[in-house]
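Q: Got a sequence here, can you build the structure:
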Amino acid sequence: MAAAQNVMEAEAEKPVAPVAPTVDLGQVNLPPAQTWNRLRANGIDLTVPQLSRKGDVYFALPRLFDRVECGMGQAVTDWVTSQAADSTYVEVKAHTRRTEPIVVAIDADAGQVADAGVMVRTGAEATIVVAVRGGAEAATTSGALVRVIAEAGSHVRLVEVVGVGAAQQHLESVGIDADDDAVVEVSQYLLGGGTVADGLAVNLAGDRARLDLTTHYYAGGHDRLDINHVARQRGHSTRAQIRESGVLDGAAEKSLRATIDLVHGSDGSVGNEAETVLVTGDDVVNKTMPVILCDEENVQGNHGATIGSASPEQLDYLCDRGLSRREAEELFVRAIFEHAIINAPTAEAHAVAVAQAERVLGTEVAHDFDDAAALVDGEASLDTEASLDPSCPEEE
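A: As a prediction, this is how the structure comes out:
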């Protein structure tokens with residue numbers, strides 16, 4: 001009893017870490033046109049920490065970025081700018097190609113929040129990488145706000161790789177403005193975590209501006225994934241191609257809102273959106289809400305979703321070759337992580353994809369993918385060296 005009393009007294013004397021105050025953001029990640037109220041598919045309610053930055057010196061982005069619409073909405077924009085210790089501004093000069101990617105790396109375990117703005121000038125080319133890595137057991141909230149202005153004739157590639165722990169929450173809000181003939185390519189890999197909310201808004205303001213968006217996602221266990229995609233097509237003859245696909249397992253909950261907005265004046269524009277969802281868990285909750293808004297006559301808009309499980313024929317084919325049903329279904333999950341690892345453009349993004357693959361699929365499988373990625377890189381390097389080697393004659 002005396003020993004137990006001493007332990008209790010020692011525990012009582014330990015300093016208690018202060019609990020950060022929180023603020024309710026209300027519903028965020030809202031689509032431009034709300035519908036399906038009964039199904040509660042219009043947004044997600046989030047509570048986030050609210051730390052005081054009193055006395056800190058914060059360098060804000062140029063005011064030009066204030067007009068960029070972001071996918072998660074103004075409430076999240078205000079929260080990030082109030083919580084980020086500083087902002088990052090990068091400008092890519094006109095008619096140049098930036099070979100080094102612009103990296104926004106987020107440590108979710110530390111509850112890091114980042115605010116970044118990228119200006120890609122006329123005719124320039126740049127790659128932006130957002131890498132969010134977590135996995136600690138502690139409940140933390142992290143956030144990233146990325147705003148991009150793509151001037152006329154520029155080419156922007158954005159790659160997002162997000163993987164956090166089961167107790168963690170991450171908010172990612174992106175906004176891109178594209179001028180005449182600008183090309184925007186977005187690749188998203190949302191690889192699981194307690195709560196991941198991702199919003200992307202692309203404003204195709206210029207004539208002939210283009211968006212090519214591809215999203216790969218996985219949610220398992222009790223993960224909650226919320227996605228909001230908005231493509232505003234304002235210029236003449238704009239193009240928006242949106243493709244989403246993912247696997248839901250266990251008791252995961254996923255909501256995806258994809259809106260193509262063909263604004264008045266966007267004549268000649270075409271927008272396509274399609275999602276494929278594979279359900280492998282008995283308690284999965286999936287909400288898919290594709291919407292096309294149209295205020296112009298000479299336009300084309302298409303959307304659709306395919307939701308279901310692997311077909312009996314596919315499963316029988318794989319089971320006949322020695323796989324169990326569960327192993328067969330896991331092949332689809334492996335494909336998502338393998339794609340993320342092989343196509344990671346930076347070390348930060350690669351580390352996120354490998355770490356999350358280890359948590360979901362195990363270390364051995366994750367490093368099989370890693371070896372495959374190294375092989376692909378090695379072959380590309382050999383091809384490059386051969387093409388530059390003067391001793392290798394060119395083909396006639």
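Q: quick one: low-confidence parts of the stretch 251-396 of the chain?
A: Residues of the stretch 251-396 of the chain meeting the criterion pLDDT under 70: 370-396.
Q: and if we set it to 90?
A: 281-282, 303-332, 362-396 (pLDDT under 90).
Q: Would you map the strands across it?
A: Here the stretch 251-396 of the chain has its strands, by DSSP state E, counting those that start in this stretch, at 253-262, 270-279, 285-294, 300-308.
Q: so can I have TSV of these showing distance to Val184?
A: Glycine gets a C-beta too; all of them are placed from N, C-alpha and C. Shown next, in TSV, are these (distance: least, Cβ to Cβ, whole Å):
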stretch	distance to Val184
strand 253-262	14
strand 270-279	14
strand 285-294	19
strand 300-308	18
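Q: right, and those strands - which one's nearest Ile342?
A: Closest approach to Ile342 among the strands of the stretch 251-396 of the chain (Cβ to Cβ): strand 270-279, 20.0 Å.
Q: Buried residues in the closest one, which are they?
A: Neighbour counts over strand 270-279 (16 or more other Cβ atoms under 10 Å) mark 270-275, 277-279 as buried.
Q: Sheet partners, orientation included, of it?
A: Looking at strand 270-279 with DSSP bridges, its partner strands are strand 239-248 (parallel), strand 300-308 (parallel).
Q: In PDB, could you pull the C-alpha coordinates for the first one?
A: Once non-C-alpha atoms are left out, strand 239-248 reads as follows in PDB (Å, rounded to 0.1, in the frame of the first residue of the first chain):
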ATOM      1  CA  ARG A 239     -10.900  21.500 -70.600                       C
ATOM      2  CA  ALA A 240     -11.300  19.800 -67.200                       C
ATOM      3  CA  GLN A 241     -10.600  16.000 -66.900                       C
ATOM      4  CA  ILE A 242     -11.200  14.700 -63.300                       C
ATOM      5  CA  ARG A 243     -10.600  11.000 -62.500                       C
ATOM      6  CA  GLU A 244     -10.900   9.600 -58.900                       C
ATOM      7  CA  SER A 245     -10.500   6.000 -57.800                       C
ATOM      8  CA  GLY A 246      -9.900   4.300 -54.500                       C
ATOM      9  CA  VAL A 247     -10.500   1.400 -52.100                       C
ATOM     10  CA  LEU A 248     -12.600   1.500 -48.900                       C
END
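Q: and Val183, how many residues sit next to it?
A: 18 (other Cβ atoms under 10 Å).
Q: quick one on the thing from earlier: which of the strands of the stretch 251-396 of the chain is buried the deepest?
A: Comparing these on average neighbours per residue, with mean count of other Cβ atoms under 10 Å, the densest one is strand 253-262 at a mean of 24.
Q: just checking, what packs against that strand?
A: When contacts are defined as 3 or more Cβ pairs under 8 Å, 6 or more residues apart in numbering; DSSP states H and E, strand 253-262 sits against strand 210-219, strand 224-233, strand 239-248, strand 270-279, strand 285-294, strand 300-308.
Q: With distance to Arg97 added, can I get those in CSV?
A: Shown next, in CSV, are those (distance: least, Cβ to Cβ, whole Å):
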stretch, distance to Arg97
strand 210-219, 18
strand 224-233, 26
strand 239-248, 23
strand 270-279, 28
strand 285-294, 35
strand 300-308, 33
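Q: Out of those strands, which is closest to Leu204?
A: Using Cβ to Cβ, the helices and strands packed on strand 253-262 put strand 224-233 closest to Leu204, at 4.9 Å.
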